[in-house]
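Chemist: All I have is the shape, not the residue letters:
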Ligand code: GLP
């Protein structure tokens, strides 16, 4: 493990491989939850997080992690979307997180991607995040440096809302998530995310490293949503593999 430095973000840990980085991230998340058993955790989805959640599942099996008293919320969901769709984030979370981490049903709060009124649903979910402030938000990074589904141009004060996905995101989705994934989504806002007590961001591989390079090496600006994490200072911890870290010119 290597610790790298950035002028605003102190906690950046780099591992030789994706698998090692994912295991370290899982260990870190598990230790935060052991210190705060009733934590509210907000989960990201995406391929990046699969090895992290799989390791958390292993730690739960070995009784080295315990999520049984935690509350689970999540970042985003396609709209309109039912949980049985391959691309559904709720479907993903049920499979990789809620089940394996043995989170109690009454402590799981899902975004309803098939709500009749998306704006009402966004308001309801924002209300939930206010009622249960996040102890830890797990982030990935996507096209254009999006976090959750906050696309470039999203205000750093934005709240949970319906958003139209960018061309870049749609291009990725058509390749990775099939032809029929929707072009809109419900997402927590950047303002909502920044209120979290702690943030863990995982980024592995060259592509995610390039997204992060814009976020960390350019200006803090709404044209790159993930640049907002530089406003959080010590509250944010990055787990990277070497391949991702190599892309980021502002790390020392
Ligand atoms: C998604 C999600 C993000 C996620 C990102 C990266 O669409 N909205 O929360 O971090 O894209 O996904 P992946 O790890 O599959 O590249």
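Modeler: Yes, it's here. Note that the structure is a prediction, hence the values are computed from the model and not measured.
Chemist: Other residues contacting stretch 166-177?
Modeler: The contact list for stretch 166-177 (CB atoms under 8 Å, 6 or more residues apart in numbering) reads 47, 86-87, 142-144, 146, 149, 151-152, 165, 181, 183. Backbone N, C-alpha and C define where each C-beta goes, glycine included.
Chemist: try 10 Å
Modeler: The contact list for stretch 166-177 (CB atoms under 10 Å, 6 or more residues apart in numbering) reads 46-47, 78, 85-88, 142-146, 149, 151-153, 163-165, 179-183, 185, 207.
Chemist: Can you tell me which of the residues you listed are classed as buried?
Modeler: Taking 16 or more other CB atoms under 10 Å as the criterion, what is buried in these is 46, 78, 85, 87-88, 142-146, 149, 151-152, 163, 165, 181-182, 185, 207.
Chemist: Which members of the contacts of stretch 166-177 occur in helices, if any?
Modeler: Using DSSP state H to define helices, the subset of those located there is residue 207.
Chemist: if we look at the ligand, which of the contacts of stretch 166-177 are close to it?
Modeler: Restricting the contacts of stretch 166-177 to those near the ligand by CB under 6 Å from any ligand atom leaves 46-47, 142, 149.
Chemist: For the stretch 51-200 of the chain, which segments are assigned as strands?
Modeler: Ranges of strands in the stretch 51-200 of the chain, per DSSP state E, counting those that start in this stretch, are 71-74, 76-79, 136-139, 161-164, 184-187, 198-203.
Chemist: Against which helices or strands is the top helix by length along the chain packed?
Modeler: Secondary structure assigned by DSSP H gives helix 18-35 as the longest helix of the chain. Contact here means 3 or more CB pairs under 10 Å, 6 or more residues apart in numbering; DSSP states H and E; on that basis helix 18-35 packs against strand 11-15, strand 40-43, helix 50-61, strand 136-139, strand 198-203, strand 236-241, helix 242-245.
Chemist: tell me the angle that helix makes with helix 50-61.
Modeler: Counting by axes from the mean of the first three to the mean of the last three CA atoms, to 10 degrees, helix 18-35 lies at 50 degrees to helix 50-61.
Chemist: Start at 329, not 1
Modeler: With the count now opening at 329, the last piece we talked about shows up as helix 346-363.
Chemist: coming back round to it: dump the strands of the stretch 379-528 of the chain to JSON lines, plus mean pLDDT and distance to residue 344.
Modeler: Listed next are those as JSON lines, based on pLDDT from 0 to 100; distance: least, CB to CB, whole Å:
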{"stretch": "strand 399-402", "mean pLDDT": "98", "distance to residue 344": "30"}
{"stretch": "strand 404-407", "mean pLDDT": "98", "distance to residue 344": "31"}
{"stretch": "strand 464-467", "mean pLDDT": "98", "distance to residue 344": "22"}
{"stretch": "strand 489-492", "mean pLDDT": "98", "distance to residue 344": "36"}
{"stretch": "strand 512-515", "mean pLDDT": "98", "distance to residue 344": "33"}
{"stretch": "strand 526-531", "mean pLDDT": "98", "distance to residue 344": "15"}
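Chemist: hang on, the earlier thing: of all the helices and strands packed on helix 346-363, which lies closest to the ligand?
Modeler: strand 464-467 (6.3 Å; CB to the nearest ligand atom).
Chemist: Neighbouring strands - and their directions - for the closest one?
Modeler: Sheet pairing for strand 464-467, assigned by DSSP bridges, gives strand 368-371 (parallel), strand 526-531 (parallel).
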